[in-house]
Each structure stands twice: as structure tokens, then as C-alpha cells.
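Quick one, fold the following:
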Amino acid sequence: MTLRFSVLASGSTGNAFYIESDKEKLLVDAGLSGKQMDRLFAEIQIDPSELSGILVTHEHSDHIKGLGITARKYNLPIYANENTWKAMEKSIGKLSIDQKFHFGMEQVKTFGDMDVESFGVSHDAAEPMFYTFRHEGKKVALVTDLGYVSERIKKTVEDADAYIFEANHDVEMLRMGRYPWNVKRRILGDSGHVSNEDCGLALTDIISNRTKRIYLAHLSQDNNMKDLARMSVDSVLKERGIDLDLKDTDPAVPTPLYEVV
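I've put the predicted structure just below:
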């Protein structure tokens, strides 16, 4: 086995991502209630008590809602950078000292047989960062919650076998939608979220011949639709001669475990 993963939940209501190698099982974020997290794990037939730890991207509630309860229930270590720890400490409840670990930005940490690299993103949180995962020459990149995809990020995540990549909104739907203007401006800004079209454009710069699969993630419930996101990203890729398997993610239904081959 190489790397296997499932997007347990993705969207504005809650986010969680599971990835495993031969020896390690990691969760990134726990943005749903403890009960929902248990249900998601049951659906992919993974026992959360076997997790090696939980990595945190940032302190927004759609990423940490069930973090404290899941970590306490299964006695799991949590990894986050210093500013994220400060920002989320009050929201996640009491943890024992041996559950709190520091994972700095722009670092590589080795968990057993898996190398995890963190990289900073532009988002309105204390110190948001996402991750790439490497094992036996395979690479998976998790990239959501960012206003734009910088050249530095592209360099870090390029040439992956699989991407979980943000396609948050359709710009026209957002402009015409019911959100107040200050919220629209936040989403469209450099510290907001990536649109369908910008997702497609970023992907054309980073994917390579080894890229087999792309999951479109963190879709807005109000300003996007799965079909529209897929169609928009696909048309940008096809314009540049790229034909790839685009997969949906869902805020309540995990994707089947996918093995990177």
C-alpha cells in the first residue's frame, strides 16, 4: 500500500480529511461535531482510536468544531502552530499537556513512514497553513481556505499524484447572492477563498503527468454547485489541453478511500 485518503467532509459547514500510509493514520481538522466525526469514520470503516494524531490547519470553527472532543475521546495528540494554538485554545476545551504538539509553518515533520510538509496560506485566520503528504515517492496535496495561490505555494504543491483543492465559489453567483457586501468582499479578497475559475488556473500551473485525481473542495453552499464547479474547472483545464478526473466532495458524505497508485 502507498497512500490512501478520504475527504471525510468538505464545505463551509465542516471540514475533515483522513490520510494513511502503511504505518500511520492521520486526521487533518475535525470541523464537525464529535458524533458526526464518529459517523464519518464508521462510513469509511476506520477506527479513530488508531489515529496517530490530528493536524490542524487554522482555528475557524468549520475546521475545529469537533477537535477537542475527538482528541479527548481517543486520547490523540494535536499538532498546530503557535498562533493557531493561541487562537483556538478557548474553543477546544481542556487537553492534557501530552496531547499538545507544535508544528511550525514551512516545516517537514515525519510521522512514521510519512513526511508531512506545512505551508502558509493567505486566509483571515491567525496563522493558517495546509499540508502535503509524501510516502514511497507518492505525494498528496491538501489546499483549501486561501484567497489566492501564490508562486511559493505552487512550488510546494506542484507535481502531486492527487490534489484536494479549493473551488469555493462561482464569482457571478457570489456577486448576485444574498450575502452582505462586506462578506462578499472578504470572500473575493486576497485572504478569502479561491473561485472555480482561479482553481482551474492554479491547477494548470501545478499538475503534471503523474497527477491522477483532483477533488474539488470547500464548495460554498450558497455560492456554488457541484456540477457548476466541475464544469468550470474542467473547461479551464480543457482549454489548456488537460483532461483529468475531477471528483466531488461533500459536507456530510465522505469520499470512498482512494489509493494513490
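
When you work out contacts or count neighbours from here on, use the C-alpha atoms and nothing else.
Fine.

can you give me the helices for the stretch 51-200 of the chain?
Assigned by DSSP state H, counting those that start in this stretch, the helices in the stretch 51-200 of the chain fall at 61-64, 67-74, 82-92, 151-157, 171-176, 181-188, 196-206.

Now render those as JSON lines, adding distance to residue 23, mean neighbour count and mean pLDDT.
Output for the helices of the stretch 51-200 of the chain, formatted as JSON lines (distance: least, CA to CA, whole Å; neighbours: other CA atoms under 10 Å; pLDDT from 0 to 100):
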{"stretch": "helix 61-64", "distance to residue 23": "25", "mean neighbour count": "22", "mean pLDDT": "98"}
{"stretch": "helix 67-74", "distance to residue 23": "18", "mean neighbour count": "20", "mean pLDDT": "98"}
{"stretch": "helix 82-92", "distance to residue 23": "27", "mean neighbour count": "16", "mean pLDDT": "97"}
{"stretch": "helix 151-157", "distance to residue 23": "23", "mean neighbour count": "15", "mean pLDDT": "98"}
{"stretch": "helix 171-176", "distance to residue 23": "42", "mean neighbour count": "15", "mean pLDDT": "96"}
{"stretch": "helix 181-188", "distance to residue 23": "38", "mean neighbour count": "15", "mean pLDDT": "95"}
{"stretch": "helix 196-206", "distance to residue 23": "29", "mean neighbour count": "21", "mean pLDDT": "98"}
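
And those helices: which comes nearest residue 222?
helix 171-176 (7.8 Å; CA to CA).

Against which helices or strands is that closest one packed?
helix 181-188 (3 or more CA pairs under 8 Å, 6 or more residues apart in numbering; DSSP states H and E).

try 10 Å
helix 181-188, helix 196-206 (3 or more CA pairs under 10 Å, 6 or more residues apart in numbering; DSSP states H and E).

would you list the ones you listed in CSV and tack on distance to residue 105?
Converted to CSV, the helices and strands packed on helix 171-176 look like this (distance: least, CA to CA, whole Å):
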stretch, distance to residue 105
helix 181-188, 23
helix 196-206, 21
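
Go through the ones you listed and name the closest to residue 16.
By CA to CA (comparing all of the helices and strands packed on helix 171-176), the closest turns out to be helix 196-206, at 19.9 Å.

hang on, the earlier thing: distance to residue 142 added to the helices of the stretch 51-200 of the chain, as a markdown table?
As requested, the helices of the stretch 51-200 of the chain are exported to a markdown table (distance: least, CA to CA, whole Å):
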| stretch | distance to residue 142 |
| --- | --- |
| helix 61-64 | 14 |
| helix 67-74 | 18 |
| helix 82-92 | 18 |
| helix 151-157 | 8 |
| helix 171-176 | 22 |
| helix 181-188 | 19 |
| helix 196-206 | 13 |
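
Please name whichever of the ones you listed is nearest to residue 40.
helix 67-74 (12.3 Å).

Show which residues not belonging to the closest one make contact with it.
16, 28-35, 37-38, 47-51, 53-56, 61, 64, 75-78, 88-89, 91-96, 99 (CA atoms under 10 Å, 6 or more residues apart in numbering).

now the angle from it to helix 82-92?
Relative orientation of helix 67-74 versus helix 82-92 (axes from the mean of the first three to the mean of the last three CA atoms, to 10 degrees): 80 degrees.
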